[in-house]
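Participant: structure, please.
(one chain, ligands or ions: 1)
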Amino acid sequence: MIDYSDNRYFELFEKQKSNQFAIGKTNYKERLKKLNSLKTALEKTFKQEIRDALYSDFKKPHLETDLTEIYPVVDEINFAKRNLKSWLKRQKVDTPIAMLGSSSWIINEPKGVCLIISPWNFPVNLTFGPLVSAIAAGNTVILKPSEMTPHTSKVMLKIVSTLFNDNEVALIEGEVEVSQELLKLPFNHIFFTGSPQVGKIVMKAASQHLTSVTLELGGKSPVIIDDTYNIDNAVKKIIFGKFLNAGQTCIAPDYVLVNESIKEAFNTSFKKHLTEFYSENPSESKSFGRIVNQKHFNRLKGYLEDAKSRNATIACGGASEEKDNYIEPTLVFDVSEESELMQNEIFGPILPVKTYTSSQQVIDYVNSKEKPLALYIFSKNRKRVTEILNDTRAGSTCINHNLLQFLNHNLPFGGSNNSGIGKSHGYFGFLEFVNQRSVLKQHTMGAVDLLMPPYNNFKQKIVDLTIKWF
Ligand code: NAD
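Facilitator: Model prediction:
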């Protein structure tokens, strides 16, 4: 037995561990009450504090906070409210005829004590979204938000400590070391959202206790546009998807693959609509946010310098202001494959465009990289869309738009391999936080009872018949 008593969070963990059965036994009404109180906190009591905190952290426009931080969690709660009763019902399943006299069912039992580690880019959404699923499933939870959005973490701590006892839900602020210390504890489930690099660290730590993990990771999400789709329409949607949150969105278009024949039209339309959205000077636009901190600002500036040194063409944008962590929305052509922009997830307002001449070229290119978290297709050609869907792999796909797949809680959200393991949202998120316990109850003596040792020819015949007929 490993002794954890010197772990800083041991006492809190133990408190939640001893409380887990009491929380696990709550019925759906009690769980909904907790979710409702979280809903009121987000929609009413703390709404303005959340907006102000996100503005202080990276000048996130209030409208974006409402749309991308508050609304998705409220919607997750509403979805759980509509469905939790049925998710918690024991689910009867058929029992094979060879086991006549028995019945079978599945119980969605809570996993126990869970850890949720979240990133900075949508701190409220990606901390409280999984929390909704964890509460719905009847778990106790420790939350560890990112150190990079400290104002938002403070408000979230206030919300959590107002609504919950720490033996049920607790939030711990702090640096990476806090996560590292927490990861040593034998949680029953870890739900991590962040980069693939840190995802590997989390999975390694979880393996020490065979803790199950949900890993919501990132990567390079491509957009494919062919010559059958209205360019202006596609461009407007891509600008929205790319520059929302200043490009710091896990499912933002990372790069665009355009048919060679529409390259110039794409370029012209992009410049026109970018100005329409963010004015001639986006640094003064109230609709465009900032890079979260200097480290990420320098990373993105480095990517641009690197691309330029490899003869990339900056079609528009390219400016930056260090004191404000501002990077202008930027469109880049002629990017070398070796450039940082094409080797790393960009996670900022820089959009490289590559051209292609055949569908196969696009498919081969996408498949030469890790499986993306999202893959977008703009096309009116149904055959081509089906071909791309069949011949590529991705966590999710949105056809003729981007980002929207995240907002439908009937769809599982998550990646595949390098972009993630497991799913979130709605029923799929709930399932990550439960063990589907199978139960078989025997009511009357069944066939198997006739087959116990000592074995003989008669019993062998019954087995032969069972294999043949049942
Ligand atoms: P990150 O991986 O650097 O950090 C995420 C969390 O892990 C933070 O809370 C941080 O404190 C913690 N952490 C960092 N280093 C750690 C370590 N060595 N050991 C233990 N914990 C550690 O990610 P980020 O920069 O906050 O977010 C950006 C990444 O997250 C991008 O790759 C993006 O695509 C991804 N992301 C994915 C989703 C999704 O839903 N799939 C959503 C948002 C962001």
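
Participant: show me which residues of this structure are close to the ligand?
Facilitator: Within the chain, the positions adjacent to the ligand are 117-121, 126, 144, 146-147, 176, 179-180, 183, 193-195, 198, 201, 216-218, 250, 345, 347, 373, 415, 420 by CB under 6 Å from any ligand atom. No exception for glycine: its C-beta is placed from N, CA and C like everyone else's.

Participant: ok, residue 247 - how many residues close by?
Facilitator: Counted with other CB atoms under 10 Å, the neighbours of residue 247 add up to 25.

Participant: out of the residues of the chain next to the ligand, which end up buried?
Facilitator: In the residues of the chain next to the ligand, burial by neighbour count holds for 117-121, 126, 144, 146-147, 179, 183, 193-195, 198, 201, 216-218, 250, 345, 347, 373, 415, 420, counting by 16 or more other CB atoms under 10 Å.

Participant: quick one: which of those residues sit in helices?
Facilitator: Within these, residues falling in helices by DSSP state H are 126, 179, 198, 201.

Participant: for the helix of greatest length in the chain, packing partners?
Facilitator: Longest helix in the chain, counting residues (DSSP H): helix 71-88. Counting contacts by 3 or more CB pairs under 8 Å, 6 or more residues apart in numbering; DSSP states H and E, helix 71-88 packs against helix 28-40, helix 123-136, helix 426-432.

Participant: strands paired with the helix or strand just after the shortest one, and their directions?
Facilitator: Next helix or strand after helix 426-432 toward the C-terminus (DSSP states H and E): strand 434-442. For strand 434-442, the pairing partners within the sheet under DSSP bridges are strand 102-110 (antiparallel).

Participant: what about the strand it pairs with, average pLDDT?
Facilitator: For strand 102-110, mean pLDDT rounds to 98.

Participant: and the contacts of it?
Facilitator: Applying CB atoms under 8 Å, 6 or more residues apart in numbering, the external contacts of strand 102-110 come out as 20, 23-24, 87-88, 90-95, 137-139, 430-431, 433-443, 446.

Participant: so how far is that strand from its chain's centroid?
Facilitator: In terms of CA atoms, centre = their mean, to the nearest Å, the centre of strand 102-110 is found 28 Å from the chain centre.

Participant: C-alpha coordinates for that strand, PDB please?
Facilitator: This file holds the C-alpha atoms of strand 102-110, laid out as PDB (Å, rounded to 0.1, in the frame of the first residue of the first chain):
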ATOM      1  CA  SER A 102     -32.400 -15.000 -14.800                       C
ATOM      2  CA  SER A 103     -32.800 -11.300 -15.500                       C
ATOM      3  CA  SER A 104     -30.100  -8.700 -16.200                       C
ATOM      4  CA  TRP A 105     -29.700  -4.900 -16.000                       C
ATOM      5  CA  ILE A 106     -27.100  -2.200 -16.000                       C
ATOM      6  CA  ILE A 107     -26.700   0.400 -13.200                       C
ATOM      7  CA  ASN A 108     -24.800   3.700 -13.900                       C
ATOM      8  CA  GLU A 109     -23.000   3.900 -10.600                       C
ATOM      9  CA  PRO A 110     -20.700   6.900  -9.800                       C
END
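
Participant: so which bits of that strand are buried?
Facilitator: Using 16+ other CB under 10 Å as the test for burial, strand 102-110 gives 108, 110.

Participant: can you put the helices and strands packed on helix 71-88 in JSON lines and add mean pLDDT and distance to residue 270?
Facilitator: Formatted as JSON lines, the helices and strands packed on helix 71-88 follow (pLDDT from 0 to 100; distance: least, CB to CB, whole Å):
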{"stretch": "helix 28-40", "mean pLDDT": "98", "distance to residue 270": "39"}
{"stretch": "helix 123-136", "mean pLDDT": "98", "distance to residue 270": "28"}
{"stretch": "helix 426-432", "mean pLDDT": "98", "distance to residue 270": "35"}
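
Participant: point out the most buried one among the ones you listed.
Facilitator: Of those, the one with the most neighbours on average (mean count of other CB atoms under 10 Å) is helix 123-136, at a mean of 27.

Participant: got the angle between it and strand 434-442?
Facilitator: Angle, helix 123-136 to strand 434-442, by axes from the mean of the first three to the mean of the last three CA atoms, to 10 degrees: 10 degrees.

Participant: and the contacts of stretch 265-276?
Facilitator: Contacting residues not belonging to stretch 265-276 are listed as 225, 231-232, 235-236, 239, 256, 258, 282, 315-317, 329, 331, 333, 353 [CB under 8 Å, 6+ apart].
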